[in-house]
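[1] Whatever this is, show me its structure:
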Amino acid sequence: MKDYMIRATAADDLVRAFAATTRQMVEDARQAHDTTPVCTAALGRLLTGGVMLGSMLKEDKALVTLQIHSDGPAGGITVTADSHYHAKGYVNNPHVQIPLKANGKLDVSGALGRGTLTVIRDIGLKEPYIGTIEMPSGEIAEDLTCYFAESEQIPSSVGLGVMVDRDWSVKQAGGFILQLMPGAPDEMIDELEKRLGSVSSVTNMLEEGKLPEDILEELLGGFGLQVMERHDVSFACSCSEKRIEKALISIGPKDLQEMIDEGKPIEVGCQFCGKQYRFDTQALKRILNGRRQER
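    From the prediction side, this is the model:
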């Protein structure tokens, strides 16, 4: 099944909701970075949350970046998503392996440890909007729930999940975000909390064959759920040889000349997608000459 996400409303627009299935997106990220299962789960959760946050952006070239800085062995995660349902990201230490939890689940919070979650929204203004919180759990879904409450004052519930198969490939991945708008009555809030406490995990629901529409129906059925939009989502990077050239130009003529004098080709990798770009000495000379001409 192709990855996609939906936007919906319920209870006469008092609830806005998002749900996604992201197995291929997370699998593409796993292959790009050769992540271990626990790092696949951590990165996949943040990618799924990121692509849903990106869908909340209105501006064409807007971006949202989610950064986890933490003291655990994984060292943190960075994810960037745009308003066109694309996300990319990486784990600082993608090959970390730690024991499973006592219940047999991947220990994402153990891999991340304690730290902060920062959300940066760049909508083309002079300064981006930046919100940072101390992560309450390191489980990512709970951390994003806390971020919405503390930094944006929006009562929310976030569910995220990644199921990794025995061969380390991604078996299931997805998530949801529910947000209450001002004016939601207490009885409706109580009912939503009851439903959230009774449903199974995101990955279990996906494993049962449920679609994003079914997940929101489980949570919001009876509240007048209306699906407004459906969009394909994907792991996609905007890197290019031209962008890498610009990065090489920025390192300065002295360093470029040293690379040329060594007479060996260099390879530069994109941190977000792992793609490698090769530049031989002729290409480096062209870049150096272009830099001199610009001056």
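[2] Quick check: phi and psi on Ala115?
    No Ala there; residue 115 is Gly. Backbone torsions for Gly115, taken as degrees, to the nearest 10, come to phi 170, psi -160.
[3] what is it paired to in the beta sheet?
    Beta-bridge partners recorded for Gly115 (DSSP bridges): Ser70.
[4] Neighbours of it, how many?
    18 (other CB atoms under 10 Å). To be clear about C-beta, it is placed using only N, CA and C from the backbone, and glycine gets the same treatment.
[5] Distance check, it against Gly138.
    7 Å (CB to CB, to the nearest Å).
[6] tell me, what's touching the two both at once?
    70, 72 (CB atoms under 8 Å, 6 or more residues apart in numbering).
[7] what's the closest non-adjacent residue to Asp280?
    Closest residue to Asp280 apart from its sequence neighbours, by CB to CB, 6 or more residues apart in numbering: Pro265 at 4.4 Å.
[8] Hmm, Thr281 and that neighbour touching each other?
    Yes - at 7.0 Å, Pro265 and Thr281 qualify as touching, with contact defined as CB atoms under 8 Å.
[9] nearest spatial neighbour of Asp71, skipping sequence neighbours?
    Gly113 (4.4 Å).
[10] need the contact list for that neighbour.
    Residues near Gly113 by CB under 8 Å, 6+ apart: 70-74, 138.
[11] What does the pLDDT read for it?
    pLDDT for Gly113: 97.
[12] Then the one 5 residues further on?
    Turning to Thr118, the model gives it a pLDDT of 98.
[13] Could you report the distance from it to Gly76?
    10 Å.
[14] So for these two, which residues contact both of them?
    67-69.
[15] between those, which is nearest Gln271?
    Gln67 (12.8 Å; CB to CB).
[16] tell me the contacts of Arg7?
    Counted by CB under 8 Å, 6+ apart, Arg7 has contacts 16-18, 55, 227-229.
[17] of those, closest to Glu258?
    Ser55 (44.9 Å).
[18] Pull up the gap between the closest one and Glu150, please.
    Ser55 is 22 Å from Glu150, by CB to CB.
[19] ok, these two, which is more surrounded?
    A direct count of neighbours by other CB under 10 Å for Ser55 and Glu150 places Ser55 higher, at 22 against 14.
[20] When Thr118 and Gly76 are compared, which one has more neighbours?
    Gly76 (20 against 17).
[21] most centrally placed residue in this structure?
    In the chain, the centroid-proximal residue (CA atoms, centre = their mean) is Leu47; its distance is 2.1 Å.
[22] Does that residue touch Gln24 like I think?
    No - here Leu47 does not reach Gln24: they are 11.2 Å apart, not a contact under CB under 8 Å.
[23] what residues are shared contacts of these two?
    By CB under 8 Å, 6+ apart, the residues touching both Leu47 and Gln24 are Phe235.
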